[in-house]
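J.: Quick one, structure for this:
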Amino acid sequence: MNSSPNELTARRCKPCEGGVPPLERDAAEELMQALDSGWRFSADGKWIERHFEFLSFNRTMGFVNAVAWIANTEDHHPDMEVSYRFCLVKYTTHAIDGLSENDFICAAKVDRLVA
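T.: Below you'll find the predicted structure:
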């Protein structure tokens with residue numbers, strides 16, 4: 001598989017209504033190699049998250065709005081925790097209760113926002 005960040009950002013999310021298994025841990029770890037090293041797996045391996053810090057509230061909100069634009073464009077939405085100068089972004093594919101390629105596609109696109 002060995003995806004690069006550019007390969008992931010060139011892809012589009014595919015609709016996922018369930019009925020398929022989540023990614024195996026090995027496949028998820030391989031896709032994780034294409035992301036910024038700030039991304040982390042949850043203890044159960046069902047989601048990935050990255051903590052972003054900013055210098056001001058305005059920059060945080062600009063980032064949040066850009067993530068929302070990606071989410072709406074890809075029709076794949078993260079869970080986010082937002083505060084004055086940080087945002088925690090978590091991706092999982094709720095329909096399959098685990099990770100799908102969509103999570104990594106969106107995470108790679110979020111990485112580009114702060115690159």
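
J.: just the strands in this structure please.
T.: With DSSP state E as the criterion, the chain has strands at 40-41, 48-53, 79-82, 86-91.

J.: Which one of those lies nearest to residue 10?
T.: Residue 10 lies closest to strand 86-91 among those, at 18.0 Å (Cβ to Cβ). All C-beta atoms are positioned from the backbone trio N, CA, C, and that covers glycine.

J.: Remind me what that closest one packs against, helices and strands.
T.: Packing contacts for strand 86-91, counted by 3 or more Cβ pairs under 8 Å, 6 or more residues apart in numbering; DSSP states H and E, involve strand 48-53, helix 57-74, strand 79-82, helix 101-114.

J.: And for the longest one, what's in contact with it?
T.: Residues lying outside helix 57-74 but in contact with it, judged by Cβ atoms under 8 Å, 6 or more residues apart in numbering, are 12-13, 52, 54, 77-78, 80, 82-87, 89, 102, 105-106, 109-110, 113-114.

J.: Where does pLDDT dip in this structure?
T.: Applying pLDDT under 70 to the chain flags the ranges 1-2, 4-5.

J.: before we move on, back to that, derive a ChimeraX selection command for the buried subset of the contacts of helix 57-74.
T.: In ChimeraX, a selection of the buried entries from the contacts of helix 57-74 looks like this (16 or more other Cβ atoms under 10 Å):
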select :13,52,54,78,80,82,87,89,102,105,106,109,110
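
J.: Thank you, goodbye.
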